Every structure is written in structure tokens, then in C-alpha cells.
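K.L.:
Sequence and computational prediction follow.
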2 protein chains.
Amino acid sequence: MSTTGRGLHGRVLDTLGPEITAGTYPPGSVLRTDELAQRFDVSRSVMREAVRVLESMHLVESRRRVGVTVLPACEWNVYDPQVIRWRLAGADRPRQLRSLTVLRSAVEPVAARLAAENATAEQCAELTEAALGMVAHSRGHKLEGYLFHDVAFHRVILTASGNEMFARLGDVVAEVLAGRTHHDVMFPDPDPAAVTLHVQVAEAVRARDAERAERLTREITEGALQELDILAP
Amino acid sequence: MSTTGRGLHGRVLDTLGPEITAGTYPPGSVLRTDELAQRFDVSRSVMREAVRVLESMHLVESRRRVGVTVLPACEWNVYDPQVIRWRLAGADRPRQLRSLTVLRSAVEPVAARLAAENATAEQCAELTEAALGMVAHSRGHKLEGYLFHDVAFHRVILTASGNEMFARLGDVVAEVLAGRTHHDVMFPDPDPAAVTLHVQVAEAVRARDAERAERLTREITEGALQELDILAP
DNA sequence: TGTGACAAATAAGTCTGACTTTTTGATTCC
DNA sequence: GGAATCAAAAAGTCAGACTTATTTGTCACA
């Protein structure tokens, strides 16, 4: 599940990216390419490539005669999957998880509405299969299997919406769900009400009932928000 | 309004980025770093930096002995502001504008609800000022002034929500609104109903009426969607 | 004393060329 | 025909020299 790994510059990013997103260097801090190259024991060319990537994520800004300046968090490309992973691995994980869950609560109901209008027969089948999979793994400490089908379910909804901006949030939702299962406190078995809601959403989409699909999905995401409130008020 | 401009590699990206996002090279196409370096008359180091940036946007994938492979659109980081600008400048602009407007319709109502709960006094003032500015420029072909305050209004809503994921969509909304004003057909004066709605949202936020702020904002975004349907059905 | 021009220092930016590593696909041998 | 081997291709890496822009500081001049 390592993020980059591709090449030496990826190795550098794997430690420098998390450091920056964790706030190790306060905004305005200046790093020097040469020093970084020394620290990571790579050539300047490799270090420059890494800096270019960080720059494209708006984590840093490189200026002549000044150096590589760390930008304030409000500038970061927080939708970059890499940045999301780095931040989820860091200390302000709970805050991040909350932001993303709020985003989910805005997007997924609308996506479900669109999915009900646009889903193909195949996507309806995948949805039903995922919902049934969730049911099958909802009891007896089978959290891994449950997570698998949960992720699949929400991915199908987002993809079937037909909106590419929604579809690309599939990875984000997957990270959030995985994070909830693995790192945070979670009950040994998922909430039965949530499981039922997923099944009902699948039914609504299959029945082309957009209104109902949206309302039920809103219940799901509101449940996810309440769950966060209980764990970290 | 030029996007990158910083350094030689930025110059390369300014032409290569739009080419790729426009679909000039079909997914799976293979580019060679050396050839690209020749074409743009830059050194391999510079070309490699540009490729790294494209790679971090998931537009291409670089593999040894193969070359730089163009990835299918479903892999692209479509939330990267740079990618958004490149695509909005390209041929499938209308499609892109629709995707982003649907995203707005999902996000902004929820953001308005949160803004009503969390906005500071200063943000309330900014919101009112923006709404009044829209009113002042709503008649007499003052589209530029209207756009300015419209952008400001939606930026404040998204920022005041207190959710950083929402806040970062300010630039996206700005692009969408600017695109609508400049490139697409638009009536010489904005819809009076929309202007009124903005004023009412500002009032609702000031009055801490979250429910009403959400409902009114939903009306605004649904209006934006209908406007798109009229222009490009 | 203030100000403007000029010079020096600094760190990123660029280029070149040689070398390494990985991957692929073709060839050969069993 | 299949497996092992080898050669070519392209990205990856490195070192070093050089360029350029920007900042800072100094000095002369008003």
C-alpha cells in the first residue's frame, strides 16, 4: 500500500511529503535544495524532481536566491490523493477524517440521486452484490470483508452517477472507510441500521427512485457524521 | 492569468499539459523523454521535471524501457486546479463546466448550512457586502463588476463553512463563474431572481438560519444547472 | 541624512555527458 | 515448444560546470 516508491525521488517524497503536511516545518520555512539532497543522499537532479512534485501540489514554492519555501496549509491541494494519504497518516488525522466525512455527506446523496437516474443494469447488479456482501459480513467480526463490500458499494454509487468529479472521490471514500475500520475505535460489528440502509439504497437505485436513493444515502452519511461525533466530540 | 510560467519546465507544461488533457495523445500513447526534450528545445533534466509533474497529476506514467505513457482520463487528478484550467481551456469545456456545476450543486448548499452555523461577524459582513455589490451591478451591462462580487460571495460561503475541503473549491467556483461570464452565451444582465436569492442567503447566514441558508443556496445552484440545460441541452 | 546606483553574494535554474538499472523481446538451446 | 540467456532500449542517476535572477549591502552623491 506504499504510495510512491517509483524511483529515488519517490523515496524522498515518502518522507518529505508527510513531514511537510504534518507541519514539521512551519509555513514560511525555507529549505535549501542542496541541503535536502545531502540529507537524503541523492543527487540534486533527483532532489529537484521531488521539489517540482511538491510544488505542483502547492505544498512548497521554489524561488531563486531564496530557496524552497513551505506554503501555509490553506494553499495545499487537499484533493490530491497523495496529500490526502500523507495527512491521514499524520497527527491531525481525526480533523482530516472529519473534513472528508463532511464532504461525503454533501456529495454522496447527490451522487446517489444521479446514480438512480443513470446507472446501467450492470452497475445495478454490482450495487446489489455489494449490499448483499455487506449483509453477509455484518455479523461475527468479519470487518475486513464488510469493509471490502462497503468500499465497493460507495464506489459504484459515485461511478454510476456519471459525473467524473464524483467518480474520482471513490478513492477518498475508500481511504475514509478503511481508516475508520483500521485505525479508529469501531464496534466489533457494524450498525445493523446502516446495513439495512445500504440494501435499501441499492433497491431504490434499481427501481430508479432518485428521490428515495438520495434521502436514504443522506441518512447513511449523517450516520457516519454522528459516529464521528461519538468517537471524537 | 498564465498558469505556470515559473521556469523552463513550466513553459513546457503550458503546452504539453493542455495537449494531454485535450486528448491529443490517446490513452496508452507512449512519449519519449528525449524526443520531447528535443521538441521543446530543453535539456533532459528540465524535461524530466515536467514529466514528474504530469506524473503527480496522474496524466502520465513513466516506466523504464517503455517511456512516458499517457493515462486514460479516468485516472487524472481532476481536482488539480491546473488540470481544471487546462481542461476548461480545451474542447470539452461544456462537459467540464457541467461536471463542475453539478459538484457545486452538491457542495454549496451544505457549505451554506455550515457557514450559517460558523461564520464570524467579519465573514457575515463580507457576505452582505458581496451581495450588495451584486445588486449594484445587476443592471446596465456591468457583468465584470457583477462577476467580481459573485465570486467573492461564493468564496466567503465556502470559506466560512469552516471545512477546508469546501474552502479549496473556491478557485473552482471562480473558474466556473468566470467561464460562464466570459466564454458562454449569457444574458446581458443576470437573472434578477438569482440576485435576490444571494441577498437572502446573506440574510439567512447573518440570522444563523442554517436550514434556510441551505435551501436558498440549493435554489441558486439548481438555477445554475437549469441555465446550463438551456444553453447546452 | 537620505537615496540612488552599483557590486557582490547566493541559491535556484540549466545544460552536458557519462554511467547504471530495469524491462522487454528476441534468440538460442534443450 | 518452452525455458534460459542475452542484447538493446529507454528511463534513472550522478557529478560538475555554468547561467540567471534576486536580494542585500555598500558607497558615493545630493
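P.N.:
Everything's here; your move.
K.L.:
what about the strands in chain A?
P.N.:
Here chain A has its strands, by DSSP state E, at A:30-31, A:60-63, A:67-70.
K.L.:
what comes up buried for the last one?
P.N.:
Yep, that's strand A:67-70 we're talking about. Neighbour counts over strand A:67-70 (16 or more other CB atoms under 10 Å in any protein chain shown) mark A:Gly67, A:Val68, A:Val70 as buried. C-beta coordinates here come from the backbone N, C-alpha and C atoms, glycine included.
K.L.:
what's near enough to touch the residue nearest the centre of chain A?
P.N.:
Central residue check for chain A by CA atoms, centre = their mean: the C-alpha nearest the mean position is that of A:Val172, 2.2 Å away. Shown in contact with A:Val172 (CB atoms under 8 Å, 6 or more residues apart in numbering or on different chains): A:Tyr79, A:Pro81, A:Ile84, A:Leu100, A:Leu103, A:Arg104.
K.L.:
Same list (the residues you listed) but as CSV, adding distance to DNA strand C and pLDDT.
P.N.:
Below are those laid out as CSV (distance: CB to the nearest atom of the strand, whole Å; pLDDT from 0 to 100):
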residue, distance to DNA strand C, pLDDT
A:Tyr79, 24, 97
A:Pro81, 22, 95
A:Ile84, 26, 96
A:Leu100, 32, 97
A:Leu103, 33, 98
A:Arg104, 36, 98
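K.L.:
Just flag the most distant two among those.
P.N.:
A:Pro81 and A:Arg104 (15.2 Å; CB to CB).
K.L.:
out of the two, which sits in the busier spot?
P.N.:
Per other CB atoms under 10 Å in any protein chain shown, whichever of A:Pro81 and A:Arg104 has more neighbours is A:Arg104, with 24 against 16.
K.L.:
Thought A:Gly223 was touching that one, still the case?
P.N.:
No. The pair A:Arg104 and A:Gly223 fails to qualify as a contact (CB atoms under 8 Å) at a distance of 11.2 Å.
K.L.:
Which single residue in chain A comes nearest to chain B?
P.N.:
Closest residue of chain A to chain B, CB to the nearest CB: A:Tyr79 (3.4 Å).
K.L.:
got a pLDDT number for A:Glu175?
P.N.:
Listed pLDDT for A:Glu175 reads 88.
K.L.:
what do you get for the one 10 residues further on?
P.N.:
As predicted, A:Val185 sits at a pLDDT of 60.
K.L.:
do the same with A:Gly5
P.N.:
Note on A:Gly5: pLDDT of 69.
K.L.:
so how far is DNA strand D from A:Cys207?
P.N.:
Let me fix one detail, which is that residue A:207 is Ala and not Cys. 49 Å (CB to the nearest atom of the strand, to the nearest Å).
K.L.:
Any idea how many residues pack against that residue?
P.N.:
Residues near A:Ala207, counting by other CB under 10 Å, number 12.
K.L.:
what do you get for A:Asp34?
P.N.:
Using other CB under 10 Å, A:Asp34 is surrounded by 11 other residues.
K.L.:
Assess the claim that it and A:Ser43 are in contact.
P.N.:
No. In this structure, A:Asp34 is not within contact of A:Ser43 by CB under 8 Å, at 10.7 Å.
K.L.:
buried residues in stretch A:96-112?
P.N.:
Neighbour-count burial for stretch A:96-112 [16+ other CB under 10 Å]: A:96-112.
K.L.:
and it, C-alpha only, in CSV?
P.N.:
What follows is stretch A:96-112, C-alpha atoms only, in CSV (Å, rounded to 0.1, in the frame of the first residue of the first chain):
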residue,chain,number,x,y,z
GLN,A,96,-8.9,15.3,8.3
LEU,A,97,-11.3,12.4,8.6
ARG,A,98,-14.0,14.8,9.7
SER,A,99,-13.4,17.2,6.8
LEU,A,100,-13.6,14.3,4.4
THR,A,101,-16.7,12.9,6.0
VAL,A,102,-18.5,16.2,5.7
LEU,A,103,-17.5,16.3,2.1
ARG,A,104,-19.0,12.8,1.7
SER,A,105,-22.2,14.0,3.3
ALA,A,106,-22.5,16.7,0.7
VAL,A,107,-21.6,14.6,-2.3
GLU,A,108,-22.9,11.1,-1.9
PRO,A,109,-26.6,11.9,-1.6
VAL,A,110,-26.5,13.8,-4.9
ALA,A,111,-24.4,11.1,-6.4
ALA,A,112,-27.0,8.5,-5.4
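K.L.:
Please see if that stretch touches chain B.
P.N.:
Yes. For stretch A:96-112, a contact with chain B is found by CB under 8 Å from any CB of the partner chain, at A:Ser99, A:Leu100, A:Val102, A:Leu103, A:Ser105, A:Ala106, A:Val107, A:Pro109, A:Val110, A:Ala111.
K.L.:
As TSV, these with distance to A:Glu49 would be great.
P.N.:
TSV is the format used below for the residues of stretch A:96-112 next to chain B (distance: CB to CB, whole Å):
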residue	distance to A:Glu49
A:Ser99	30
A:Leu100	29
A:Val102	35
A:Leu103	31
A:Ser105	38
A:Ala106	36
A:Val107	34
A:Pro109	41
A:Val110	39
A:Ala111	36
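K.L.:
Between the residues you listed, which sits nearest DNA strand D?
P.N.:
Among the residues of stretch A:96-112 next to chain B, A:Leu100 lies closest to DNA strand D (CB to the nearest atom of the strand), at 30.5 Å.
K.L.:
State the distance from that closest one to B:Ser62.
P.N.:
Here A:Leu100 is placed at a distance of 29 Å from B:Ser62 (CB to CB, to the nearest Å).
K.L.:
isn't A:Tyr25 right up against A:Leu36?
P.N.:
No. Assessed by CB under 8 Å, A:Tyr25 is found out of contact with A:Leu36, at 11.2 Å.
K.L.:
Looking at these two, which is more packed in?
P.N.:
Neighbour count, other CB under 10 Å: between A:Tyr25 and A:Leu36, A:Leu36 has more, with 19 against 16.
K.L.:
which non-adjacent residue is nearest the more buried one?
P.N.:
Of all residues not flanking A:Leu36 in the chain, A:Met47 sits nearest, at 5.3 Å (CB to CB, 6 or more residues apart in numbering or on different chains).
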